[in-house]
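**Student:** curious how this folds, go ahead:
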Amino acid sequence: MTPPSDTNASATEAAPRRRRKEARPQELMAAALALFVEHGFAATRLDDVAARAGVSKGTLYLYFDSKEALFEAVIREGIVPALKEAGARVAAYQGSASALLEELLKAWWALIGEGPLGGIPKLMISEARNFPSVAEYYYQNVIVPGRRLLALTLERGMAAGEFRGVDVDTAIDVVIAPLLMLAIWRYSMGPCCPSDASYDTERYLRTHLDIALDGLRCRG
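**Tutor:** Purely as a prediction, here's the structure:
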């Protein structure tokens, strides 16, 4: 019979292994995101992802069988939950459309623009045509629901007489474009420009919101 102390030791040793196994998908997704942003989707190999995460390629295949699956997991775990949360927020919101629009844009920047996910817009622009299935997944799971939230906000403002009448689809493009451009800049020209290190992002966002909201405001 195995002594109780041995049994306890085995249980103690098994626990860290279980925790490590549970943590690995997140580590793999973080490694994949970093490499996708640094080197592009085409140039990133599964071997590179495994090495960055500190695991074997065999371990990676326990969770993901392709780069496409890794990318989808990054989007599914990193962005989709935030969009669902934002959808619930929009549905329950009781304040002005202006305040809601400002909240949505600031939340977008906090989640995507200033974090590791900020490299995704540049990645999609540069490689979407070469990887249409990846682009389609991003479009359906990020762009479509994100635009829907902005459309609901703009329509709410127009219905309440807070915003003037605008073409909603075009207005969405105009409202989100400066944030996308700032995110793309951070992962393209930004690192090459010494002055970018001290760039006042907060001032940029305040200026954009001021101009956008003033342009939408109903004058009548």
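**Student:** distance-wise, check residue 84 relative to residue 116.
**Tutor:** Relative to residue 116, residue 84 is positioned 20 Å away (CB to CB, to the nearest Å). Heads up, the C-betas are built off the backbone N, CA and C, glycines and all.
**Student:** please disregard the earlier target; I meant residue 147.
**Tutor:** 23 Å.
**Student:** and for residue 171?
**Tutor:** 29 Å.
**Student:** ok, these two, which is more surrounded?
**Tutor:** Ranked by neighbour count (other CB atoms under 10 Å), residue 171 and residue 116 place residue 171 first, with 18 against 13.
**Student:** surely that one and residue 154 touch.
**Tutor:** Yes. Taking CB atoms under 8 Å as the definition, residue 171 is a contact partner of residue 154 at 5.7 Å.
**Student:** what do these two both touch?
**Tutor:** residue 216 (CB atoms under 8 Å, 6 or more residues apart in numbering).
**Student:** hang on, isn't residue 68 packed against residue 133?
**Tutor:** Yes. Residue 68 is in contact with residue 133 according to CB under 8 Å; the separation is 6.2 Å.
**Student:** after the worst-scoring helix or strand of the chain on mean pLDDT, which helix or strand is next?
**Tutor:** Every helix and strand of the chain was ranked by mean pLDDT, DSSP states H and E. The lowest is helix 4-39, at a mean of 65. Sequence-wise, the next helix or strand downstream of helix 4-39 (DSSP states H and E) is helix 46-53.
**Student:** mean confidence for the next helix or strand after that following helix?
**Tutor:** Sequence-wise, the next helix or strand downstream of helix 46-53 (DSSP H and E) is helix 57-61. Averaged over helix 57-61, pLDDT sits at 91.
**Student:** helix 57-61 packs against which elements?
**Tutor:** In terms of contacts (3 or more CB pairs under 8 Å, 6 or more residues apart in numbering; DSSP states H and E), helix 57-61 is packed against helix 46-53.
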